[in-house]
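*Asks:* predicted model follows, preceded by the sequence.
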Amino acid sequence: MSVQANRPHFFDLSRLGFPVATVLLAVVAGLMSLPLGAQQIAQLKPPAQAKPAAQTKSTPSTKAAPAPILTPEAKTPSQPADTAQSQSSKLVDRVVAIVNREIITASELARREKQFLANLKRQGAEMPNPSLLREQLLERMITDRAMLQMARETGVRVDEVTLDRSISRIAEQNGLSVSGLRNQLESEGISFAGFRQDIREEIILTRLREREVDNKLQITEAEIDTFLAAQGQSLQRVDELKVAQILVRLPEQASREAVAEADARVKKILELTRSPRTFASIAQEFSDAPDRDQGGSLGWRTRDRLPALFLDAVANLKPGEISKPLRSPNGFHILQLEDRRSGLRTQEVAVHRARHILIRIDAQVNEEQARRRLLDIRRRIELGADFGQMARDYSQDVGSAPRGGELDWAYPGDTVPEFERAMFALNPGQISDPVRSVFGVHLIQLLERKREPLTEQRLRTAARIALREEKLAEATAEWAREVRANAYVEIKRDER
């Protein structure tokens, strides 16, 4: 994982800055994008005890009653009647929603709610309204369940090898072995089997979305042009002309004799231009201009860098053609249009090369501990320790640590904002204070800074990516609404 990954893989959980297990399950459930209420809430009340099944049956109601899920013992017909009656009162769960032919239980909803609230607590965020949160979580679970059903019906599958590789990648990106990941999950009260199932479902949903949404998105060149213009970032396309001249110098108030002599020279030069000789060789022999040694070439010029007299004279010429003689205050000019091209007005931007040491925030290391650890590393570097060796020994960025923490040249926007601001503020060789980002806490050293042209290809590629992300979010939301609308959904209200 690298701070330069603009579009990190979904499973790169540490970019969110939270413990592995809790963040993963929240992201898998799609909870991080849910809108939250702003008001503080009191502690949630414990759920009321479920009514015995016999009482539920005897109580008439105009609405569909919550469908209790009984223990296996309560459903076993071989038990004595009185025992079965006793067991039937041991309700372990209840149905909160039906999605087509599948159910979502209260315990599933409670698990999602617990995970989400744990994330908010670790962030120090304000707690949302509990009933609003539960409603939003349930709606997301309903949509996900409908999507998973669609995936099964259309043959989207995930084999065990792919699942194992994904879990290994998660462990690696968090600096853990698979067994270490299992231990951390279990220390947070999350079963490894449940974790595997969540990852399996996320891969399925990702593949389904890619097929139904991603592969159908198209970004046109006109859309890129409009986007760049709206952002004020388009590179201005300009015409450039390569012109050469032969000057026959003549003062503005010249005598008739001088004018006649100059006119004779011009006629001779024009005759020579119709000969096999090159324009450059003629200019070197006859031109009075300072550029005669360069064959009279003025080099590539944009239109605004050519005199209006010259621009009008070559406007309709083809490359290689020669103009008629022109009179200016300096004398007579004979021009040749050597070539023309359409280019981009160059914009230069600052690019940076840096290295860093990353300490992640997880269940074992909080932000303050990470900062203290990095400050200690910086003191050791100031006393003579090598930054690169410190990065190899301590950095938890698996992508850059083997290279001594070194990152590729970064253009504006290549790194996350917090990292970029800190890096831009440094002078070459200077080391930053610890910097918090979504990846964790960084110690940054700027190695080099320079200015480079911003190419059209790079600008348009960045615009295409931004447009795709924008359209993908809109298209995914619309697709999710369609899937939800086409599913049979019955929400069971708890009326006890």
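*Replies:* Yes, it's here.

*Asks:* low-scoring stretches of the stretch 51-200 of the chain, by residue?
*Replies:* For the stretch 51-200 of the chain, applying pLDDT under 70 flags the ranges 51-92, 122-123, 173, 175.

*Asks:* all helices for it, in order.
*Replies:* 53-58, 72-75, 81-87, 106-123, 130-153, 160-173, 178-187, 192-212 (DSSP state H, counting those that start in this stretch).

*Asks:* now distance to Asp393 and mean neighbour count too, for those, in a markdown table please.
*Replies:* No exception for glycine: its C-beta is placed from N, CA and C like everyone else's. Putting the helices of the stretch 51-200 of the chain into a markdown table (distance: least, Cβ to Cβ, whole Å; neighbours: other Cβ atoms under 10 Å) gives the following:
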| stretch | distance to Asp393 | mean neighbour count |
| --- | --- | --- |
| helix 53-58 | 62 | 12 |
| helix 72-75 | 54 | 13 |
| helix 81-87 | 60 | 13 |
| helix 106-123 | 28 | 17 |
| helix 130-153 | 42 | 18 |
| helix 160-173 | 18 | 15 |
| helix 178-187 | 19 | 16 |
| helix 192-212 | 30 | 17 |
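
*Asks:* strands along the stretch 251-400 of the chain, start to end?
*Replies:* Ranges of strands in the stretch 251-400 of the chain, per DSSP state E, counting those that start in this stretch, are 297-302, 326-328, 331-344, 348-359.

*Asks:* tell me which of the helices of the stretch 51-200 of the chain sits nearest to Gln369.
*Replies:* Nearest of the helices of the stretch 51-200 of the chain to Gln369, taken as Cβ to Cβ: helix 106-123 at 14.0 Å.

*Asks:* re earlier: let me have the helices of the stretch 51-200 of the chain in JSON lines, extended by distance to Arg274.
*Replies:* JSON lines is the format used below for these (distance: least, Cβ to Cβ, whole Å):
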{"stretch": "helix 53-58", "distance to Arg274": "108"}
{"stretch": "helix 72-75", "distance to Arg274": "105"}
{"stretch": "helix 81-87", "distance to Arg274": "112"}
{"stretch": "helix 106-123", "distance to Arg274": "81"}
{"stretch": "helix 130-153", "distance to Arg274": "77"}
{"stretch": "helix 160-173", "distance to Arg274": "72"}
{"stretch": "helix 178-187", "distance to Arg274": "82"}
{"stretch": "helix 192-212", "distance to Arg274": "66"}
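
*Asks:* for Ile246, what is the enclosing helix or strand?
*Replies:* Ile246 is part of strand 237-249, with elements assigned from DSSP states H and E.

*Asks:* that strand relative to strand 297-302, how many degrees between them?
*Replies:* If you take axes from the mean of the first three to the mean of the last three Cα atoms, to 10 degrees, strand 237-249 sits at 150 degrees to strand 297-302.

*Asks:* tell me what strand 237-249 is packed against?
*Replies:* Packing partners of strand 237-249 (3 or more Cβ pairs under 8 Å, 6 or more residues apart in numbering; DSSP states H and E): helix 256-273, helix 279-286, strand 297-302, helix 308-314, strand 331-344.

*Asks:* let's see 10 Å
*Replies:* For strand 237-249, the packing partners by 3 or more Cβ pairs under 10 Å, 6 or more residues apart in numbering; DSSP states H and E come out as helix 256-273, helix 279-286, strand 297-302, helix 308-314, strand 326-328, strand 331-344.

*Asks:* quick one: which of those is nearest Pro130?
*Replies:* Taking Cβ to Cβ, strand 331-344 is the member of these nearest to Pro130, at 55.8 Å.

*Asks:* and that closest one, what does it pack onto?
*Replies:* Where contact means 3+ Cβ pairs under 10 Å, 6+ apart, strand 331-344 is packed against strand 237-249, helix 256-273, helix 279-286, strand 297-302, helix 308-314, strand 326-328, helix 456-486.

*Asks:* now tabulate the ones you listed in TSV and tack on distance to Gln430, mean neighbour count and mean pLDDT.
*Replies:* Converted to TSV, those look like this (distance: least, Cβ to Cβ, whole Å; neighbours: other Cβ atoms under 10 Å; pLDDT from 0 to 100):
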stretch	distance to Gln430	mean neighbour count	mean pLDDT
strand 237-249	38	19	88
helix 256-273	60	14	93
helix 279-286	51	18	94
strand 297-302	39	15	89
helix 308-314	49	16	92
strand 326-328	55	15	92
helix 456-486	27	15	85
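
*Asks:* just checking, Gln284 touches Leu272?
*Replies:* No - assessed by Cβ atoms under 10 Å, Gln284 is found out of contact with Leu272, at 11.8 Å.

*Asks:* anything in contact with each of these two?
*Replies:* Counting by Cβ atoms under 10 Å, 6 or more residues apart in numbering, the contacts common to Gln284 and Leu272 are Ile246, Thr278.

*Asks:* quick check: which of the helices and strands packed on strand 331-344 is nearest to Arg196?
*Replies:* It's helix 456-486; of these, that one is closest to Arg196 (Cβ to Cβ) at 24.3 Å.

*Asks:* follow-up on the earlier one: let's have the strands of the stretch 251-400 of the chain in TSV, adding distance to Asn215.
*Replies:* Formatted as TSV, the strands of the stretch 251-400 of the chain follow (distance: least, Cβ to Cβ, whole Å):
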stretch	distance to Asn215
strand 297-302	42
strand 326-328	59
strand 331-344	32
strand 348-359	33
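
*Asks:* of those, which is nearest Val248?
*Replies:* That would be strand 331-344 among the strands of the stretch 251-400 of the chain, by Cβ to Cβ, at 4.3 Å.

*Asks:* so which bits of the closest one are buried?
*Replies:* Applying a neighbour-count criterion of 16 or more other Cβ atoms under 10 Å, one finds Gly331, Phe332, His333, Ile334, Leu335, Gln336, Leu337, Glu338, Leu344 buried in strand 331-344.

*Asks:* on that earlier part again, quick one: which of the helices of the stretch 51-200 of the chain is nearest Gln389?
*Replies:* Gln389 sits nearest to helix 160-173 of all the helices of the stretch 51-200 of the chain, at 22.2 Å, using Cβ to Cβ.
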